[in-house]
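Asker: I would like the atomic coordinates for the input below:
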Amino acid sequence: IYYVTMPSIPQVPGFDDPRFYTTRLHGINLNTNEDILNGRVLEQSVVLLEVNAQTHELFALLKEENADLNEDSSFYYVRLGKSYRSNASTSTLAVLFDWTFGAPTVNHVINPYSYTQFINKVYQVGATAVDHVSNTSFVVMRDSANAIDPIYIQDMNQEGLLRTEDFAPLESPTVQGTWLLNTDPIIPLSLPAPKLQSARFSIDGRSIIVSFDSYTVEGALPIDLDGDDLPDNIDWSKRQIGLRNCSDMFARRTAALLGSMPDTYCEWRSGTTIQIHLRAGSTDVSLGTGLFLKDTTIYAYIAEGPQWSMAASGGIAVSLPDPLDPPKIVISWNKYVDLCSPVTLNAQQSYRHGD
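Answerer: Here you go, the predicted structure:
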């Protein structure tokens, strides 16, 4: 959805005060070209518009003219409503909007306990940003329009929490303007991609334990239902259950190095762990050998939201077991023997050693 505002100035002969106009707000669904807001009219001027792309909520910095025209305008950062997919429509492209804003304006500010501190500030247009993970809006403001005043970057929690980062002011004339940008919005891919944490030989050297830093859905894949290149659902049938060829999880060269079933096989031991069972006597993989993941295969997913990640990628070098315990030698023998019989020493019960 692309949100735009347009001024609606009365067409009255002799009207020449540009402060008196209403604002039309449009929300264009780029998939269907429908206006989900139908040109909704606001009595206030819209200074800034921001969207939380994870919760789909629409926020605005509104300017209200005071009854006394000799007084400065008042500014309020408010929640206008949120967009959502229409369950009543057979089209996955249909989007509706739940408009919640109304009079009085102060009932809809996102910071009900601190909004009075920001009513009479001067705001820089087009300089805002939103952190969709912490649900925080950032604005750029001054105490007045005087160029000598410092610039303040103010964070406002969209859930009304009072916590703030208390950024240091940007002093003038060193700084005359600033613009904010979220360089890694990852929305709606709000979860960080799982990262390889370690790949370690087991203590007996017969397998390799590959660990991730977060839970994955073990090969289940996201589904794009409406062609916007963003996930809408998850295909659990792709989940990699049981013993499998390592080519299901690892890149082609890595899988070729490891070998295929039935000599070598891989399995998910948990959402964070893959175990590679090496073929007997294998020497193809040694300390420092790089293991690389298969592209677009391993994701993180949380149903609440829902929340998704980009695919895990990259590789990691195989390292020693941790802890690296010394071998435990266990030897058994016959307690009683005669003078002519051989003595057999049996160390088959020893453990923590390789093949």
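Asker: and for residue 209, the neighbour number?
Answerer: Residues lying near residue 209 (other C-beta atoms under 10 Å) number 16. Every residue, glycine included, has its C-beta placed from N, CA and C.
Asker: report the residue spans of the chain with pLDDT below the cut-off.
Answerer: The model of the chain has pLDDT under 70 over residues 12, 14-20, 66-71, 88-92, 183-188, 227-229, 352, 354-355.
Asker: show me where it has helices.
Answerer: Here the chain has its helices, by DSSP state H, at 252-258.
Asker: how long is stretch 42-61 end to end?
Answerer: The first and last residues of stretch 42-61 sit 12 Å apart, counting by C-alpha to C-alpha, to the nearest Å.
Asker: how far off centre is that stretch?
Answerer: 21 Å (C-alpha atoms, centre = their mean, to the nearest Å).
Asker: and it, which residues are buried?
Answerer: By neighbour count with 16 or more other C-beta atoms under 10 Å, stretch 42-61 contains the buried residues 42, 44-48, 50-54, 56-61.
Asker: contacts only, for the closest residue to residue 222 other than its chain neighbours.
Answerer: The spatially closest residue to residue 222, leaving aside those adjacent along the chain, is residue 231, at 3.4 Å (C-beta to C-beta, 6 or more residues apart in numbering). Residues in contact with residue 231 (C-beta atoms under 8 Å, 6 or more residues apart in numbering) are 188-189, 222-224, 306, 308.
Asker: restricted to strands, list the residues you listed.
Answerer: 222-223, 308 (DSSP state E).
Asker: what subset of these is buried?
Answerer: Buried members of these, counted by 16+ other C-beta under 10 Å: 222, 308.
Asker: between the ones in strands among the contacts of residue 231, which is nearest residue 142?
Answerer: Residue 142 lies nearest to residue 308 out of the ones in strands among the contacts of residue 231, by C-beta to C-beta, at 38.9 Å.
Asker: from memory that closest one sits against residue 232, does it?
Answerer: No - with contact defined as C-beta atoms under 8 Å, residue 308 does not count as touching residue 232 (9.6 Å).
Asker: which residues do these two both contact?
Answerer: Residues touching both residue 308 and residue 232 comprise residue 222, with contact defined as C-beta under 8 Å, 6+ apart.
Asker: number of nearby residues for residue 284?
Answerer: Neighbours of residue 284 under the rule other C-beta under 10 Å: 12.
Asker: so it touches residue 259, yeah?
Answerer: Yes - if you go by C-beta under 8 Å, residue 284 and residue 259 touch, sitting 7.3 Å apart.
Asker: for residue 285, which non-adjacent residue is closest in space?
Answerer: residue 318 (6.1 Å).
Asker: identify the residues contacting the one you found.
Answerer: Taking C-beta under 8 Å, 6+ apart as the contact definition, residue 318 lies against 199-201, 208, 285-291.
Asker: buried ones among those?
Answerer: Here, 16+ other C-beta under 10 Å leaves 199-201, 208, 285, 289, 291 buried among the contacts of residue 318.
Asker: closest one of those residues to residue 238?
Answerer: Out of those, the member with the shortest distance to residue 238 (by C-beta to C-beta) is residue 291, at 21.3 Å.
Asker: roughly how far does the residue lying closest to residue 321 once chain neighbours are set aside sit from residue 288?
Answerer: Taking C-beta to C-beta, 6+ apart, and ignoring the residues beside it in sequence, residue 321 has residue 203 as its nearest neighbour in space, at 4.7 Å. Per C-beta to C-beta, to the nearest Å, residue 203 is found 18 Å from residue 288.
Asker: can you give me the strands for the stretch 151-300 of the chain?
Answerer: 152-157, 196-201, 207-212, 221-223, 233-235, 265-270, 273-277, 290-292 (DSSP state E, counting those that start in this stretch).
Asker: the second one vs strand 273-277, what angle?
Answerer: The one in question is strand 196-201. Angular relation of strand 196-201 and strand 273-277 on a 0 to 180 degree scale: 30 degrees, by axes from the mean of the first three to the mean of the last three C-alpha atoms, to 10 degrees.
Asker: next up, the contacts around residue 52.
Answerer: Here residue 52 is in contact with 59, 130, 132, 135, 158 (C-beta under 8 Å, 6+ apart).
Asker: not counting its neighbours along the chain, what's nearest the spatially most central residue of the chain?
Answerer: Geometric centre of the chain, nearest residue: residue 190, 1.7 Å, by C-alpha atoms, centre = their mean. Computed as C-beta to C-beta, 6+ apart, the closest residue to residue 190 that is not its neighbour in sequence is residue 307, at 4.8 Å.
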